[in-house]
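K.L.:
3D, please:
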Amino acid sequence: MKSGAGSLPQAGEGKRPAFAVYVHWPFCLSKCPYCDFNSHVRHAPIDEDRFARAFAREIETTAARIPKREVSSIFLGGGTPSLMQPRTVGAILDAIGKHWRVASGVEVTLEANPTSVEATRFRGYRAAGVNRVSLGVQALDDAALKALGRLHTAREALDAVAIARNAFDRYSFDLIYARPDQTPRMWADELKLAISEAAEHLSLYQLTIEEGTPFFGLHAAGKLKTPDEALARALYDVTQEVCAARGLPAYEISNHARPGAECRHNLVYWRGEEYAGIGPGAHGRLDIRGARHATATEKRPESWLMRVEANGHGVITDDRLDREECADEFLLMGLRLAEGIDPGRYAALSGRALDPRRIALLREAGAISVDADGRLRVTQAGFPVLDAVVADLAA
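P.N.:
Below is the predicted model of the structure:
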């Protein structure tokens, strides 16, 4: 399946609802100490052909549940998808194209580590049908990269970005900030360097300490100090100011892009549209006979593999969401976007309107704004307390 990128549909254009496919490759060379994603290290070679057949089988079974969809975006995430051979990626994309229609302007993103070995595969991925790459750079400072458990240097990351620039029309990379001992000036300088290398898109995440990770234990023991609330807010403010001044405003709380270069796949999540989750530990939101289903597959790769080979799929959770659950999820995801939400859609999902008194109080506090057409948005002042804003509106 090979296709070029088209222009980005803007919110509210009245186009057919987007449908996306997420494919999870669960393997990594090593486990980063901050990561709580479903990723696994295997020291024996991975049987890619067997996994490719299992991905194709789960795609076939899922398509039988939700036929006649047109795929607008595909995202190969992980784990580390750039550990796959290009032929494995091609087999997965071919399976998607066999069982669903694929839009002529489909966005096909692959997450990649910025190491020299993996960067040599970029042209192979492009030939297989990938047209956008997302690089897990995480930092442009060697000491910070070492502390984060990354296997590449800053120079190697920038070299990989250059290779991506030559191989793909669209590329992005991730950075983690609010790292130990990071100052606003240090972050501003690093961010300016990143923007000079990023053509259109950056994902910028504050370091969070997740339970069950090595960082969690170090933080609890006082051996890992993260910025306090005031410094974290200052670092967030620097992020917004530097990116906006250089033409990459935030379109989502942690994602910045030049206008029209937003990640279409992630917009499917945030706009509450439909997506299939394929692979170990993948989540999906499927619309079946007028009801939304929240699906999740077996996380352990080998167990998922055996389930698919036996049953045609690895799904272990398939919950039908009620109206309130659908509405709350729409609110939680949609308010992450700078474009905000249409309260009318919330009312249609939940069967009740948002409380105008709560809206008025949040407006007075400067946490939200309401457009002339009634569209509700979280303000820059409200984004740092987004969870509280959502909880207040949903109550």
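K.L.:
Please make it C-alpha for all contacts and neighbour counts, starting now.
P.N.:
Will do.
K.L.:
My read is that residue 315 contacts residue 297, right?
P.N.:
Yes - using Cα atoms under 8 Å, residue 315 is in contact with residue 297, at 4.0 Å.
K.L.:
any idea of the mean pLDDT for stretch 124-131?
P.N.:
If you average the pLDDT over stretch 124-131, you get 96.
K.L.:
make that stretch 380-395, sorry
P.N.:
91.
K.L.:
and it, which residues are buried?
P.N.:
Neighbour-count burial for stretch 380-395 flags 380, 382, 383, 384, 386, 389, 390, 393, 394 (criterion: 16 or more other Cα atoms under 10 Å).
K.L.:
what do you get for stretch 49-62?
P.N.:
Buried-residue list, stretch 49-62, by 16+ other Cα under 10 Å: 51, 52, 53, 54, 55, 56, 57, 58, 59, 60, 61, 62.
K.L.:
residues touching residue 26, list them.
P.N.:
Residues near residue 26 by Cα atoms under 8 Å, 6 or more residues apart in numbering: 38, 39, 40, 78, 79, 80, 81, 280, 301.
K.L.:
isn't the second one right next to residue 32, touching?
P.N.:
No - using Cα under 8 Å, residue 39 is not in contact with residue 32, being 9.5 Å away.
K.L.:
Neighbour count: the two, which is higher?
P.N.:
Per other Cα atoms under 10 Å, whichever of residue 39 and residue 32 has more neighbours is residue 39, with 24 against 18.
K.L.:
mind checking pLDDT for the more buried one?
P.N.:
The model reports residue 39 with a pLDDT of 76.
K.L.:
try the one 3 residues further on
P.N.:
The score at residue 42 is 83. That number is its pLDDT.
K.L.:
next one: residue 85
P.N.:
The model's pLDDT for residue 85 equals 96.
K.L.:
Disregarding residues adjacent in the polypeptide, which is nearest to it?
P.N.:
Residue nearest to residue 85 in three dimensions, not counting chain neighbours: residue 121, with 7.6 Å by Cα to Cα, 6 or more residues apart in numbering.
K.L.:
and that neighbour, how many neighbours?
P.N.:
By the measure other Cα under 10 Å, the count of residues near residue 121 is 18.
K.L.:
How about residues contacting the strand or helix carrying residue 22?
P.N.:
Per DSSP states H and E: residue 22 is located in strand 19-25. By Cα under 8 Å, 6+ apart, the residues outside strand 19-25 that reach it are 69-81, 265, 268, 273-282, 284.
K.L.:
Narrow the residues you listed to those that are buried.
P.N.:
Among the contacts of strand 19-25, those classed as buried by 16+ other Cα under 10 Å are 69-81, 265, 268, 273-282, 284.
K.L.:
does residue 149 sit in a helix or strand, and which one?
P.N.:
Using DSSP H and E, residue 149 maps to neither a helix nor a strand.
K.L.:
Can you tell me the SS state at the nearest residue to it once chain neighbours are set aside?
P.N.:
Leaving aside its sequence neighbours, residue 149 sits nearest to residue 32 (Cα to Cα, 6+ apart; 5.1 Å). Following DSSP: H, G, I helix; E, B strand; the rest coil, we place residue 32 in the coil state.
K.L.:
Residue 32 against residue 148, yeah?
P.N.:
Yes - contact criterion Cα under 8 Å: residue 32 and residue 148 qualify, at 6.6 Å.
K.L.:
got a markdown table for the buried residues of stretch 49-62, with secondary structure and distance to residue 258 too?
P.N.:
As requested, the buried residues of stretch 49-62 are arranged in a markdown table below (DSSP: H, G, I helix; E, B strand; the rest coil; distance: Cα to Cα, whole Å):
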| residue | secondary structure | distance to residue 258 |
| --- | --- | --- |
| 51 | helix | 36 |
| 52 | helix | 35 |
| 53 | helix | 38 |
| 54 | helix | 37 |
| 55 | helix | 34 |
| 56 | helix | 35 |
| 57 | helix | 38 |
| 58 | helix | 35 |
| 59 | helix | 33 |
| 60 | helix | 36 |
| 61 | helix | 38 |
| 62 | helix | 34 |
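K.L.:
Let me know the closest of the residues you listed to residue 365.
P.N.:
Using Cα to Cα, residue 62 comes nearest to residue 365 of the buried residues of stretch 49-62, at 45.4 Å.
K.L.:
how near is residue 96 to residue 272?
P.N.:
Between residue 96 and residue 272 the distance, using Cα to Cα, to the nearest Å, works out to 21 Å.
K.L.:
helices and strands around the lengthiest strand in the chain, which ones?
P.N.:
As assigned by DSSP state E, the longest strand anywhere in the chain is strand 101-112. When contacts are defined as 3 or more Cα pairs under 8 Å, 6 or more residues apart in numbering; DSSP states H and E, strand 101-112 packs onto strand 70-78, strand 132-138.
K.L.:
among these, which is nearest residue 366?
P.N.:
Of all the helices and strands packed on strand 101-112, it is strand 132-138 that lies closest to residue 366, at 32.1 Å by Cα to Cα.
K.L.:
Run the chain-centre distance for that closest one.
P.N.:
Mean-position distance between strand 132-138 and its chain equals 11 Å (Cα atoms, centre = their mean, to the nearest Å).
K.L.:
quick one: the helices in the stretch 201-350 of the chain?
P.N.:
Secondary structure of the stretch 201-350 of the chain by DSSP state H, counting those that start in this stretch: the helices cover 214-220, 229-245, 264-270, 301-311, 323-334, 343-350.
K.L.:
tell me the angle the helix or strand harbouring residue 387 makes with helix 323-334.
P.N.:
Assessed by DSSP H and E, residue 387 sits inside helix 386-394. Going by axes from the mean of the first three to the mean of the last three Cα atoms, to 10 degrees, helix 386-394 is angled at 140 degrees with respect to helix 323-334.
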